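Asks: What shape does this take:
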Amino acid sequence: MQAVASVDPLALKQALTAAVGAGHVRNDAGPDHGATLLVLPGSTAEVAAVVAIARTHGVSIVAQGGHTGLVGGCQSHPGQIVLSLTRMALIEAIYPDERVAIVQAGVALEALQSAALTHGLEPGIDLAARGTATIGGMVSTNAGGIMAHRYGVMRHRVLGLEAVLPDGTIYSDMTRVVKNTAGYDLKHLFIGAEGTLGIVTRVVIKLEPLPQSTATAMLGLPSVAAAFEAINLALRVDAGHLRAAEGLWQSYIQLTARAQGWSEPSFPLDQPICLLLMLGGANQASLNEGIEQIFAAIFDRHPTATGIIAGSKRQESDLWRLREDTDQLYRAHAAAPSYDVSVPLSEIEAYVEHVTSGLNRINADLVPYIFGHLADGNLHIVLNRVGPLDTALSRAVDHVLYAALRALGGSFSAEHGVGSKRIPALVATSDPAKLATMMLFKQVLDPDLTLNPGKVLPIPTQAREKSK
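Replies: Predicted structure coming up:
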C-alpha cells in the first residue's frame with residue numbers, strides 16, 4: 001500500500017466520480033468515520049471500478065453496510081474510502097417454488113422478510129436489527145440470530161454470491177441449488193471475512209416456509225438446567241417446532257422491564273433466569289396446547305417456576321421487546337463493553353458461574369448482564385460500566401471471558417465478528433495454524449491491503465512500516 005501522502009486527492013476524486021457519477025462521491029463519510037471520502041456505487045461493476053481505482057491510487061477501502069456492527073469492523077481512518085452499498089438495495093428475484101431469493105448486498109433483512117412473506121416464506125434468519133442490518137453485512141459477518149439452532153447461521157443460508165476481489169476482479173458464483181460439488185466452495189472465503197478478502201455485492205439466499213401460526217411464552221426458572229429441560233421439551237413437541245429459545249438472566253430482564261414499564265403480577269422477575277420460548281406451526285390451537293404441555297411438565301418438575309403465555313399478538317410483541325430492546329443497556333451505561341461468546345450447551349451453567357465469579361474477583365461492583373440464544377449456546381454479555389475500559393481492566397475481563405473457551409470447544413465471537421476490537425482475542429485464543437492460514441489468504445488475495453486493513457487480522461509489521 002502506497003503512503004497516503006503520495007495520493008493526489010483531486011485525481012482520486014475525479015476518477016471515482018467518473019466511475020460512479022458526480023452525485024455519488026461525497027467529501028463527508030459521516031460522524032462515525034474518519035475517512036473523508038464516501039463513495040456510493042450502484043452496481044457490482046461500479047464496485048469493481050472503485051476498488052481498481054483505489055488500488056491504483058494506493059488507497060484502502062472500508063465497505064459499509066447497515067451500521068449495526070459492534071466490533072469496529074467498519075471503522076475508517078483519514079486517507080481511506082468508505083464504500084457504502086446503500087444504492088444496491090434491489091431484491092432482484094424471488095423463486096417461490098425453489099425457495100430462493102436473489103438480492104443485492106444493500107437490501108435490509110426486514111425488506112427481504114417482507115418480500116418473502118408475500119410467498120409464505122422467510123429467510124430462515126432473524127435478529128433484532130432487522131430494520132437496518134443489510135444482507136451483505138450479515139454475510140460478511142456470518143450473522144446468526146434467534147433461529148440458528150434450526151436453520152443455521154448466514155453461512156448456511158447462502159447458496160451463491162458475487163463479490164469484488166481486492167484487485168477489482170469480479171468473482172461471480174450465483175448458484176441457486178443446494179447440491180454443488182464443483183470444486184472448492186470459495187464463497188465461504190467471503191462469508192465471515194468482514195470485507196477483508198472481497199466486497200460482497202449480490203447474494204443468493206435460501207428461503208424457508210413461514211409457519212402459519214406462532215405461540216410465545218415466558219418461563220421463570222430456578223436454573224439453566226431447568227431452562228434446557230424446557231427447551232428439550234419444546235424440541236420434541238408434537239404441535240409444531242421450536243422457533244426461538246432466548247435466555248434472559250435476572251439482571252437483564254429486570255433492566256429492560258423497568259425501562260419499558262412492563263410488569264405482570266403473576267410473573268415476578270425474581271428467578272435466576274427467564275426463558276422466552278416461541279413455537280411455530282400450522283395450527284394455533286395445537287401450538288397453544290403444546291405450550292401448555294411444556295408448562296405442565298416444567299411446573300411438575302420445578303414447583304417454584306413461574307410462567308406467562310402470550311394471549312394475543314400484542315402480548316407476544318411485548319414479551320419479545322423485553323428480549324430485543326438491548327438499547328436500554330447502553331442508555332443505562334453509555335458505550336457499555338459488550339461480548340459475544342458461544343459455549344457448548346452442557347457447559348453454559350458452569351461458564352456463567354465462572355464469568356460471574358471471575359468478574360467479581362476483578363471488582364466486586366463489576367456485574368454482567370447476560371442474555372442470548374440458549375438453544376445454540378450464544379451468550380451476549382454486557383458489563384454495567386461506561387465504556388471503553390482501560391487497557392488493564394479490558395485485558396483482565398478478556399482473560400475471564402475467553403481463556404477457557406477454546407478448551408471447552410466454544411468461541412470468543414459467536415455472531416458479531418472480529419472487527420478491530422476483537423483482534424487480540426483472536427490472536428490469543430486461536431490455533432496458530434489457523435492464524436497462519438488466515439494471514440496467508442489475506443497476503444495472497446490482498447497483498448496491498450486494499451480492503452478493510454486492520455480488521456479481523458493484525459496488519460503485519462512490514463506492511464505497517466511500508467504505509468508510514
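Asks: buried set for stretch 50-67?
Replies: The neighbour-count check on stretch 50-67 (16 or more other CB atoms under 10 Å) flags 50-55, 57-66 as buried. Quick note: C-beta positions are derived from backbone N, CA and C, even for glycine.
Asks: Run the chain-centre distance for that stretch.
Replies: Remark: stretch 50-67 is offset 23 Å from the chain centroid, using CA atoms, centre = their mean, to the nearest Å.
Asks: Same question for stretch 364-374.
Replies: Relative to its parent chain, stretch 364-374 has a centroid offset of 18 Å by CA atoms, centre = their mean.
Asks: Touching it from outside, list them.
Replies: 144-146, 148-149, 224, 227-228, 231, 244-249, 251-253, 255, 275, 323, 326, 329, 348, 352, 355-356, 359-360, 378-385, 397 (CB atoms under 8 Å, 6 or more residues apart in numbering).
Asks: try 6 Å
Replies: 146, 245, 247-249, 251-252, 329, 359, 378-384 (CB atoms under 6 Å, 6 or more residues apart in numbering).
Asks: Show me what the helix or strand in which M278 is found is packed up against.
Replies: Assigned by DSSP states H and E, M278 belongs to strand 273-281. Counting contacts by 3 or more CB pairs under 6 Å, 6 or more residues apart in numbering; DSSP states H and E, strand 273-281 packs against strand 213-221, helix 224-235, strand 241-249, helix 284-301.
Asks: who does that strand pair up with?
Replies: strand 213-221 (antiparallel), strand 241-249 (antiparallel) (DSSP bridges).
Asks: For the first one, output the C-alpha coordinates as PDB.
Replies: Output of strand 213-221 as PDB, limited to C-alpha atoms (Å, rounded to 0.1, in the frame of the first residue of the first chain):
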ATOM      1  CA  SER A 213     -49.100 -19.600  13.500                       C
ATOM      2  CA  THR A 214     -46.900 -18.900  16.500                       C
ATOM      3  CA  ALA A 215     -47.200 -19.300  20.200                       C
ATOM      4  CA  THR A 216     -44.900 -17.400  22.700                       C
ATOM      5  CA  ALA A 217     -44.400 -17.900  26.400                       C
ATOM      6  CA  MET A 218     -42.000 -16.800  29.100                       C
ATOM      7  CA  LEU A 219     -40.900 -19.100  31.900                       C
ATOM      8  CA  GLY A 220     -39.200 -18.000  35.100                       C
ATOM      9  CA  LEU A 221     -36.800 -20.800  36.100                       C
END
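Asks: Ends of stretch 14-25, what's the gap?
Replies: 9 Å (CA to CA, to the nearest Å).
Asks: For that stretch, buried residues please.
Replies: A15, L16, A19, V20, H24, V25.
Asks: what about this protein, any weak spots by pLDDT?
Replies: Within the chain, the segments meeting pLDDT under 70 span 1-5, 29-33, 461-468.
Asks: hang on, the earlier thing: and the strands paired with strand 273-281 as TSV, adding mean neighbour count and distance to A285?
Replies: TSV is the format used below for the strands paired with strand 273-281 (neighbours: other CB atoms under 10 Å; distance: least, CB to CB, whole Å):
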stretch	mean neighbour count	distance to A285
strand 213-221	22	9
strand 241-249	23	16
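Asks: among the ones you listed, which is nearest I308?
Replies: Evaluated over these, closeness to I308 peaks at strand 213-221, with 5.2 Å, by CB to CB.
Asks: now that closest one against helix 224-235, angle please.
Replies: 160 degrees (axes from the mean of the first three to the mean of the last three CA atoms, to 10 degrees).
Asks: mind giving me the domain ranges of this structure?
Replies: Listed domain ranges for the chain are 213-324, 327-429 (source: automatic domain parsing).
Asks: picking up where we left off before, show the buried residues in the contacts of stretch 364-374.
Replies: Among those, those scoring as buried are 146, 245, 247-249, 252, 329, 359, 378-384 (criterion: 16+ other CB under 10 Å).
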